[in-house]
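> Here is a sequence together with a model predicted from it:
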Amino acid sequence: MPAFQLFFLGDDAVAVQPNDRALRHPLAKALRDSGEWIDTVPGKEVVAVHFDPQAFRPTEAMGKLEDWLSSFRAGAFEPGRPIDLHLDCSADHAPDLQTLADQNGLTPHALLERVTGSELVVDMLGFTPGFAYVEGLDPTLKAERLAVPRQKVVAGAVGLVSGQLGFYGLTGPGGWPIIGRLTETLFDPERAAPFLLEEGQVVRLHLVDV
């Protein structure tokens, strides 16, 4: 039986923490589909539920959400369509690949085979528009954040930190070791659907021949 802890996030949002982390995505989808909230955003452990502060006082929104959750039943969650993404690991786009391979006792090609052979799923979007935290990485691969973050990481760059990948949607500073760059555009505000990826989506990575 699902159980939830609720707490406020400022004066226009409530965080919902399910007792089972796997409930985040079906819960966020059900809340979104209900049409009763401004937005729902799944995070690492909680789902942030944003409400209209002009329509509800925070305590009223909390009560409304508690009532809604009392009847929530998690059905089978159907993630978005699997997506194929293409990873360019040429030297210009993979400045940390050799270092990470050495740290893991692998050749760069062997490390990339473990990355592309992993069952990858978008865990959440955040940090900057289009940035995707991707889980399911081979747990034997070890990597730490850079001691000194880069001032500029290009859009599409793929970083690797133990347990997950990070896909950069925009150019900007970043501290993840970079192993390649996606050929697809993750975020484009001019597109009808600006975000290429969605939470819970299966990602299939393919290496680009260079």
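All right, it came through fine.
> Give me the three-state assignment for the closest residue in space to Arg21 that isn't next to it in sequence.
Computed as CB to CB, 6 or more residues apart in numbering, the closest residue to Arg21 that is not its neighbour in sequence is Glu45, at 6.4 Å. Glycine gets a C-beta too; all of them are placed from N, C-alpha and C. Secondary structure, DSSP: H, G, I helix; E, B strand; the rest coil: Glu45 is coil.
> wouldn't Glu45 be in contact with Ala22 here?
No - using CB atoms under 8 Å as the test, Glu45 is too far from Ala22 to be in contact (11.5 Å).
> all strands of this protein, in order?
Using DSSP state E, the strands found in the chain span residues 4-8, 13-18, 39-42, 47-50, 83-88, 120-125, 132-135, 150-153, 157-161, 164-167, 172-174, 178-182, 202-207.
> Lowest average pLDDT across the ones you listed?
Per-stretch mean pLDDT for those is lowest at strand 39-42 (a mean of 86).
> In that one, which of the residues would be classed as buried?
Judged by neighbour count (16 or more other CB atoms under 10 Å), strand 39-42 contains these buried residues: 40-42.
> would you turn those residues into TSV with distance to Pro82?
Output for the buried residues of strand 39-42, formatted as TSV (distance: CB to CB, whole Å):
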residue	distance to Pro82
Thr40	23
Val41	22
Pro42	19
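> roughly how far apart are Thr140 and Leu97?
17 Å (CB to CB, to the nearest Å).
> dump the residue contacts of the closest residue in space to Leu31 that isn't next to it in sequence.
Leaving aside its sequence neighbours, Leu31 sits nearest to Thr40 (CB to CB, 6+ apart; 4.3 Å). Thr40 makes contact with 28, 31-32, 47-50, according to CB atoms under 8 Å, 6 or more residues apart in numbering.
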